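Asks: Below: sequence and its predicted model.
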Amino acid sequence: MAELFGAFTPSTTVMKASRLASIALFVVIGARIVRGGPVRILALVTMASIIAVTFGGELLDPMGVPGIWFPFGIGVSRSQYIYTVVTPLMAILTVRTGRQAGGPRLN
């Protein structure tokens, strides 16, 4: 709700505060995953990768991680690199979670 309010209000302070509140909420979710999830390491790595893509400006820019790299003279954004890691992680997490929930086995 705060982010929607910030989107319609021309206040950068409200937008920044709502994004930081979203990061804090993800930290709380991560703590819950650590406490009791069966595939907690995989889930944490996947969630951390998604957070890095979504909040790269707040988290990665202050650490000096460039937004675009130019391997072989072609610009590739850090989001594209991170999504390259997130995609197989999400697939593995989905299959493992389905198996633990009693879903169909793929043989």
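Replies: Perfect, I can see it now. All figures in this text were calculated on a predicted structure; none of them were measured in a lab.
Asks: Leaving out sequence neighbours, find the closest residue to the residue positioned nearest the centre of the chain.
Replies: For the chain, residue 50 is the residue whose C-alpha lies nearest the centre (Cα atoms, centre = their mean; 1.6 Å). Leaving out its chain neighbours, the residue that sits closest to residue 50 by Cβ to Cβ, 6 or more residues apart in numbering is residue 86, at 6.0 Å. Heads up, the C-betas are built off the backbone N, CA and C, glycines and all.
Asks: follow-up on the earlier one: so which elements touch the helix or strand where the residue nearest to the centre of the chain lies?
Replies: Element membership for residue 50, per DSSP states H and E: helix 40-54. Applying 3 or more Cβ pairs under 8 Å, 6 or more residues apart in numbering; DSSP states H and E, we find helix 40-54 packed against helix 12-36, helix 78-100.
Asks: Export those helices as JSON lines, with columns for distance to residue 65, mean pLDDT and mean neighbour count.
Replies: Shown next, in JSON lines, are the helices and strands packed on helix 40-54 (distance: least, Cβ to Cβ, whole Å; pLDDT from 0 to 100; neighbours: other Cβ atoms under 10 Å):
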{"stretch": "helix 12-36", "distance to residue 65": "16", "mean pLDDT": "82", "mean neighbour count": "13"}
{"stretch": "helix 78-100", "distance to residue 65": "6", "mean pLDDT": "86", "mean neighbour count": "14"}
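Asks: Take those and lay them out in CSV including distance to residue 68.
Replies: Output for the helices and strands packed on helix 40-54, formatted as CSV (distance: least, Cβ to Cβ, whole Å):
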stretch, distance to residue 68
helix 12-36, 21
helix 78-100, 7
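Asks: mind checking how far the residue nearest to residue 50 is from residue 69?
Replies: 17 Å (Cβ to Cβ, to the nearest Å).
Asks: repeat for residue 23
Replies: 24 Å.
Asks: Please apply the same query to residue 35.
Replies: 36 Å.
Asks: wait, the residue nearest to the centre of the chain sits on residue 83?
Replies: No. If you go by Cβ atoms under 8 Å, residue 50 and residue 83 don't touch, sitting 9.1 Å apart.
Asks: So residue 74 versus residue 35, what's the distance?
Replies: In terms of Cβ to Cβ, residue 74 sits 43 Å off from residue 35.
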